[in-house]
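Student: got a sequence here, can you build the structure:
(2 chains)
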Amino acid sequence: DTAVSQTPKYLVTQMGNDKSIKCEQNLGHDTMYWYKQDSKKFLKIMFSYNNKELIINETVPNRFSPKSPDKAHLNLHINSLELGDSAVYFCASSQRGSSYNEQFFGPGTRLTVL
Amino acid sequence: DAKTTQPNSMESNEEEPVHLPCNHSTISGTDYIHWYRQLPSQGPEYVIHGLTSNVNNRMASLAIAEDRKSSTLILHRATLRDAAVYYCILRDVYGSARQLTFGSGTQLTVLP
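Tutor: Residues are numbered from 1 along each chain as shown, chains lettered A, B, ... in the order given. Predicted coordinates for the structure are as follows:
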């Protein structure tokens, strides 16, 4: 069973389009995250979210928004896509209250904006 | 979260031990030391973590200096599958944010 899954695995789209990436975790965790890995392989946090608190990295443009229909899902919506949005996006989850907060990552979604 | 410094790359021969160093001179008393690794074309995965004492698990060992300003991830017997980028990350256990702050990591190459 896949602990953290993302769809789609690859996403190719035109500049200006709106797209979504879905993330689901079956670990019963209460906190989920989105990370972006750029072409230089740097991994940066975009959002962390549980049912009480959304923490947004201040560098993330407001074209990006997380949407959580329930505790097991955190989808990433991106409006007006730009060339610089091309990257690999990783979803992750963890259980708050764990002293070490081990995070489980999904396989990633490679987004290419043309 | 405090900053960590790691070598950009390291090489090891298959079936030999590997010692991956990490410096964290500004570590605070409530910072846990975490190690994650990212295999090619995959998401990061947890390896090990510790606070003060050395730690062992099925994947690796973590040796923490007495002053906690540095630590070493030890892979006892490197395999080709261990080729990955290894990240050393500090997390304040009382910090309000739960995310991980990744640095540039160490690219480990395992030679057959």
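Student: and residue B:33, what does it touch?
Tutor: If you count contacts by Cβ atoms under 8 Å, 6 or more residues apart in numbering or on different chains, residue B:33 has them with B:22, B:24, B:27, B:49-51, B:62, B:64, B:68, B:71, B:88-90. (C-beta placed from N, C-alpha, C; glycine too.)
Student: ah, wrong one, I meant residue B:84
Tutor: B:37, B:38, B:39, B:40, B:107, B:108.
Student: again, but for residue B:108
Tutor: B:9, B:10, B:11, B:12, B:18, B:20, B:78, B:82, B:83, B:84, B:85, B:86.
Student: got the CA positions of the helix or strand hosting it in PDB?
Tutor: Using DSSP states H and E, residue B:108 sits in strand B:106-111. Coordinates of each C-alpha in strand B:106-111 appear next as PDB, following Å, rounded to 0.1, in the frame of the first residue of the first chain:
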ATOM      1  CA  THR B 106      25.700  15.400   0.300                       C
ATOM      2  CA  GLN B 107      25.500  13.400  -3.000                       C
ATOM      3  CA  LEU B 108      26.800   9.900  -2.100                       C
ATOM      4  CA  THR B 109      28.200   7.900  -5.000                       C
ATOM      5  CA  VAL B 110      28.700   4.200  -4.400                       C
ATOM      6  CA  LEU B 111      31.200   2.500  -6.700                       C
END
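Student: just the buried residues of it, please?
Tutor: B:106, B:107, B:108, B:110 (16 or more other Cβ atoms under 10 Å in any protein chain shown).
Student: please name the bridge partners of the last one.
Tutor: In this structure, residue B:110 has the following beta-bridge partners (DSSP bridges): residue B:12.
Student: dump the residue contacts of it.
Tutor: B:11, B:12, B:13, B:14, B:18, B:78, B:79, B:80, B:82, B:83.
Student: if you set the cut-off to 7 Å instead, what comes out?
Tutor: B:12, B:14, B:78, B:79, B:80, B:82, B:83 (Cβ atoms under 7 Å, 6 or more residues apart in numbering or on different chains).
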